[in-house]
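Chemist: The following comprises the amino acid sequence and a computationally predicted model.
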Number of protein chains: 4
Amino acid sequence: MTDHASHPGYSEDKQKVLKRLARIEGQVRGITKMVENDTYCIDVLTQVSATTKALQAVALVLLEEHLSHCVVDAARAGGPEADTKVKEASDAIARLVRS
Amino acid sequence: MTDHASHPGYSEDKQKVLKRLARIEGQVRGITKMVENDTYCIDVLTQVSATTKALQAVALVLLEEHLSHCVVDAARAGGPEADTKVKEASDAIARLVRS
Amino acid sequence: MTDHASHPGYSEDKQKVLKRLARIEGQVRGITKMVENDTYCIDVLTQVSATTKALQAVALVLLEEHLSHCVVDAARAGGPEADTKVKEASDAIARLVRS
Amino acid sequence: MTDHASHPGYSEDKQKVLKRLARIEGQVRGITKMVENDTYCIDVLTQVSATTKALQAVALVLLEEHLSHCVVDAARAGGPEADTKVKEASDAIARLVRS
């Protein structure tokens, strides 16, 4: 569960991701306020699209990090672990593409 | 800006949307905690995909409401307003499909 | 089934859509050739993404046309038909957003 | 460009992908016929969504293959090549998620 912690560079990515997530939480609260105030639907929709895009950007950062750490490390370690990691990453990508 | 307020049924949809948004805000906070705790990337990605889907579901509720209220009302009122509303809705749909 | 045929402007949109579809068919054939020739995966993926975008663009043209003809006409005609058309359009949008 | 050709299993995946692409080409031709015959927009849209999904499924097969061959092989070979492959794959995934 914490096997990323030792990767150099993870904490930098981690801070970047946490910053983005804080911004996304603010965006969701902003959408809530817009709906409470009966803001025009189309303006609310624009904000929802922007927030969805921001979430997908977080996913892409996490995924690149996963490929460059977990998948590459497993490949270097040899053995069947690399296949498992690739399958797992591919499933995550599929969920992402379909969401 | 508040021309929805008078539509019957809007306040019901509004409560439904606000409930969903509260849940989404909780999901984003959950993702933040996962990243802080160095949860395995793939598990974080699964939550990000679920949250993205939840946001898109909110967008679809808002959009259906917009079509059945604003677009239909403008069409009934006659005049060029209906075209403007359709164009506006189509642009919002395009942003949604591309996000 | 052919209730669009009488709408002014439909045949212009129709020609535009048919042209785009012919281009998309060519793109799919191009991807086939790339795979047959063992083209580098990433280059094939770039073409697949471009073709997916082109298909979504066709969907958006068809949808805007549907909203401005069928939905607006049904709203003007009055009665429950407008609700049916809005529901139908919303379901189509949902399938599009999720695909 | 043809560095996949020697991977065991590639030709099986290749046949599978070519079969899917042939089906997608048929789907696009089907959509063309629907538009020519003025088929109801919503029915055309359903087919467009299905075809988009089919294209994304091809992309996911190609991507998994790419990760399990090119990325894993580069990681095993060592050196900076693995980073290049991961970056390239991540960019392709981003294009896919955004399309």
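Modeler: Alright, I've got the coordinates. All values reported here derive from a predicted model rather than from experimental measurement.
Chemist: Correct me if wrong: A:D43 contacts A:K33.
Modeler: No: A:D43 lies out of contact with A:K33 (Cβ atoms under 8 Å); the separation is 11.8 Å. (C-beta placed from N, C-alpha, C; glycine too.)
Chemist: can you give me the mean pLDDT across stretch A:64-84?
Modeler: Here stretch A:64-84 scores 89 as its mean pLDDT.
Chemist: Any part of that stretch near chain B?
Modeler: Yes: Stretch A:64-84 reaches chain B (Cβ under 8 Å from any Cβ of the partner chain) through A:E65, A:H66, A:C70.
Chemist: May I have the distance across that stretch, first residue to last?
Modeler: The straight-line separation of the ends of stretch A:64-84 (Cα to Cα, to the nearest Å) is 17 Å.
Chemist: who touches it?
Modeler: With contact meaning Cβ atoms under 8 Å, 6 or more residues apart in numbering or on different chains, stretch A:64-84 is reached by A:3-4, A:7, A:10, A:13, A:85-86, A:89, A:92, B:41-42, B:45, D:67-68, D:71-73, D:75-76, D:78, D:82-83, D:86-87, D:89-90.
Chemist: now, which of the residues of stretch A:64-84 next to chain B lie within helices?
Modeler: By the criterion of DSSP state H, membership of these in helices covers A:E65, A:H66.
Chemist: For the host helix or strand of A:E12, enumerate the helices and strands it packs against.
Modeler: Assessed by DSSP states H and E, A:E12 sits inside helix A:10-36. Where contact means 3 or more Cβ pairs under 8 Å, 6 or more residues apart in numbering or on different chains; DSSP states H and E, helix A:10-36 is packed against helix A:41-66, helix B:10-36.
Chemist: Let's see that with 10 Å instead.
Modeler: helix A:41-66, helix B:10-36, helix B:41-66 (3 or more Cβ pairs under 10 Å, 6 or more residues apart in numbering or on different chains; DSSP states H and E).
Chemist: Output the helix or strand bottoming out on mean pLDDT in chain A as PDB, nothing but the C-alphas.
Modeler: In chain A, no helix or strand scores lower on mean pLDDT, DSSP states H and E than helix A:72-77, which sits at a mean of 89. Output in PDB follows, covering the C-alpha atoms of helix A:72-77 (Å, rounded to 0.1, in the frame of the first residue of the first chain):
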ATOM      1  CA  VAL A  72       8.800  -0.300 -14.800                       C
ATOM      2  CA  ASP A  73      10.000  -1.600 -11.400                       C
ATOM      3  CA  ALA A  74       8.100  -4.900 -11.800                       C
ATOM      4  CA  ALA A  75       9.400  -5.300 -15.300                       C
ATOM      5  CA  ARG A  76      13.000  -4.800 -14.000                       C
ATOM      6  CA  ALA A  77      12.500  -7.200 -11.100                       C
END
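Chemist: What residues sit buried inside the following helix or strand past that helix?
Modeler: Once the chain leaves helix A:72-77, the next helix or strand it forms, by DSSP H and E, is helix A:81-98. Neighbour counts over helix A:81-98 (16 or more other Cβ atoms under 10 Å in any protein chain shown) mark A:82, A:85-86, A:88-90, A:92-98 as buried.
Chemist: Check the gap between the residue of chain A found nearest chain D and C:E88 for me.
Modeler: Nearest to chain D in chain A, going by Cβ to the nearest Cβ, is A:A75, at a distance of 3.5 Å. The spacing between A:A75 and C:E88, counted by Cβ to Cβ, to the nearest Å, is 49 Å.
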